[in-house]
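J.: How does the following fold in three dimensions:
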Amino acid sequence: MREQIAYLRERLEFAVSNNEKCFYGEISDCLVALLVVAEDKRFWSHWGIDLAAICRALYNIVVHRQLQGASTIEQQLVRTLTGYRELSLGRKLREIVLASVIGDFINKREIAALYLCCAYYGWRMNSLAEACNRLRISATTMSNEQAAELIARLKYPGPQLASPGRQALITNRAAYILQKAASRDSL
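T.: Numbers count the residues shown, from 1 in each chain. Below is the predicted model:
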């Protein structure tokens, strides 16, 4: 496990150095707030692992035979940086351990910012900078609606050939995120 932690640290340093402009200050607070609302509502209070979400997901698997996500933003960042994607219990456990130590290297705001910088938003949008450029959005002055659309693309990445169905998914997810944020007064 020490080798994997060292590898994670190396990948973090590489990601930060390659995303300095994005990582150091070019991400709006609105974008971070909407990320937390959409992807990890207990982000500010857990240490990389959301036990309540894991229990909920296990319950849904056992009782309803329905898969449900339980990954935290830290786990998503670990998956993005390491490239570990195989569907196995071993990968999930490794991801949980690495997510629990990522906070030793960077703080919570930096974790969210780095995930946003490195995330996949769709075809030819392999980072926040590429997504903003392709969608003609300013990373620093985007509106709440533009930020919600970007966050929606984390769940529904834009395909090479845009379809009305995919755009409807993105639009509906963005509206849902804004509604959740308004009810929580996150913005």
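J.: hmm, who's touching stretch 53-71?
T.: With CB atoms under 8 Å, 6 or more residues apart in numbering as the test, stretch 53-71 has contacts from 40, 42, 50, 72, 79, 95. For glycine as for every other residue, the C-beta is placed from the backbone atoms N, C-alpha and C.
J.: and if we set it to 10 Å?
T.: Stretch 53-71 has contacts (CB atoms under 10 Å, 6 or more residues apart in numbering) with 39-42, 46, 49-52, 72, 75-79, 92, 95-96, 99, 155.
J.: In ChimeraX, how would I select the buried members of the residues you listed?
T.: The command below creates a ChimeraX selection of those among the contacts of stretch 53-71 that count as buried (16 or more other CB atoms under 10 Å):
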select :39,40,46,49,50,72,75,76,77,78,79,92,95,96,99
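J.: Looking at the contacts of stretch 53-71, which are in helices?
T.: The helices, defined by DSSP state H, take in 39, 51-52, 75-79, 92, 95-96, 99, 155 from these.
J.: Identify the farthest-apart pair in these.
T.: Maximum pairwise distance in the ones in helices among the contacts of stretch 53-71, criterion CB to CB, is 22.6 Å, between Leu51 and Lys155.
J.: Give the next helix or strand downstream of the helix or strand where Gly90 lies.
T.: Per DSSP states H and E: Gly90 is located in helix 89-101. The first helix or strand that comes after helix 89-101 along the chain, using DSSP H and E, is helix 108-118.
J.: Need the pLDDT of the nearest residue to Arg91 once chain neighbours are set aside.
T.: Sequence neighbours aside, Tyr84 is the residue nearest to Arg91 in space, at 5.3 Å (criterion: CB to CB, 6 or more residues apart in numbering). In this model, Tyr84 is scored at 82, pLDDT.
J.: so what's Tyr84 up against?
T.: 4, 78, 90-92, 94-95, 98.
J.: can you do 8 Å?
T.: Listed by CB under 8 Å, 6+ apart, the contact set of Tyr84 reads 78, 91, 94-95.
J.: for Ile73, same thing?
T.: 35-36, 39-40, 43, 111-112, 115.
J.: and if we set it to 10 Å?
T.: Here Ile73 is in contact with 32, 35-36, 39-40, 43, 46, 48, 50, 99, 102, 108, 111-112, 114-116, 119 (CB under 10 Å, 6+ apart).
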